[in-house]
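In: sequence unavailable; structure follows:
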């Protein structure tokens, strides 16, 4: 649930980038950080765990609109991708308002994507949140690898695997080149704002 700061007249919303290890969550955040550097009032904080890390920063995007006269501050987080850091992932998910699920388009990552999405569903359930009700955007990352001759799944295959039941917005992307990174962010902010307006009324 978003945090309402009465003193600063701000609503703080928490958006989390979730997905399998090495899928591009951190690269997404690094791209956003570099693009919006002048609007970000904090440094990017990295909490290192063995072989993986959690990243976060917060910013006040322009022309995002207000909720009940309050400015909206967005906090972006990534979770460690590896299964062994599930306790950390669960902790980061506490108070989440919206999720971007970053799936790895490489053929060999098909199973990992599905396991990670199931894990998201289970961890949300701990906080009595439903994957079918929370603002959620799927990002099929690493589409650029196809040009390098690396086997990637078709968009249709990924939709069938990950979005067959959810029926949420999905985008093909390359966090490395920045393709669809900002549209992904804009989409999740828009969905989260709509959800928060309903909740806070």
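Out: That came in fine, so what should we check first? As the structure is a prediction and not an experimental result, all values here were calculated from the model.
In: CA atoms for contacts and neighbours, from now on please.
Out: Noted.
In: heading C-terminal from the worst-scoring helix or strand of the chain on mean pLDDT, find the next helix or strand.
Out: The weakest-scoring helix or strand in the chain, judged by mean pLDDT, DSSP states H and E, is strand 52-59 (a mean of 64). Where DSSP states H and E defines the elements, the next helix or strand beyond strand 52-59 is strand 71-78.
In: how about whichever helix or strand comes after that following strand: buried residues?
Out: Where DSSP H and E defines the elements, the next helix or strand beyond strand 71-78 is helix 86-93. For helix 86-93, the neighbour count (16 or more other Cα atoms under 10 Å) marks 86, 88-90, 92-93 as buried.
In: check the gap between residue 182 and residue 67 for me.
Out: 22 Å (Cα to Cα, to the nearest Å).
In: pretty sure residue 4 contacts residue 10?
Out: Yes: between residue 4 and residue 10 there is a contact at 6.0 Å, judged by Cα atoms under 8 Å.
In: helices or strands next to the helix or strand encompassing residue 13 in the packing?
Out: Assigned by DSSP H and E, residue 13 belongs to strand 10-18. Contacts defined by 3 or more Cα pairs under 8 Å, 6 or more residues apart in numbering; DSSP states H and E place strand 10-18 against strand 3-5, strand 71-78, strand 98-104.
In: please identify the most buried of those.
Out: Mean neighbour counts were compared across the helices and strands packed on strand 10-18 using mean count of other Cα atoms under 10 Å; the top stretch is strand 98-104, at a mean of 28.
In: angle of that strand against strand 10-18?
Out: 20 degrees (axes from the mean of the first three to the mean of the last three Cα atoms, to 10 degrees).
In: in its sheet, which strands sit next to strand 98-104, and in what direction?
Out: Sheet pairing for strand 98-104, assigned by DSSP bridges, gives strand 10-18 (parallel), strand 136-141 (parallel).
In: pLDDT score assigned to the closest residue to residue 67 other than its chain neighbours?
Out: In space, and not counting its chain neighbours, residue 67 is closest to residue 197: 6.2 Å by Cα to Cα, 6 or more residues apart in numbering. Residue 197 carries a pLDDT value of 88.
In: list the contacts of the helix or strand hosting residue 197.
Out: Using DSSP H and E, residue 197 maps to helix 181-200. For helix 181-200, contacts defined as Cα atoms under 8 Å, 6 or more residues apart in numbering pick out 2, 13, 15, 28, 31-32, 67-68, 97-100, 135-137, 139, 171, 173-175.
In: part of a strand, is residue 95?
Out: No: read with DSSP: H, G, I helix; E, B strand; the rest coil, residue 95 is coil and lies in no strand.
In: what number of residues lie near it?
Out: If you count neighbours by other Cα atoms under 10 Å, residue 95 ends up with 16.
In: and the gap between it and residue 126?
Out: Taking Cα to Cα, one finds residue 95 at 11 Å from residue 126.
In: again, but for residue 138
Out: Per Cα to Cα, residue 138 is found 21 Å from residue 126.
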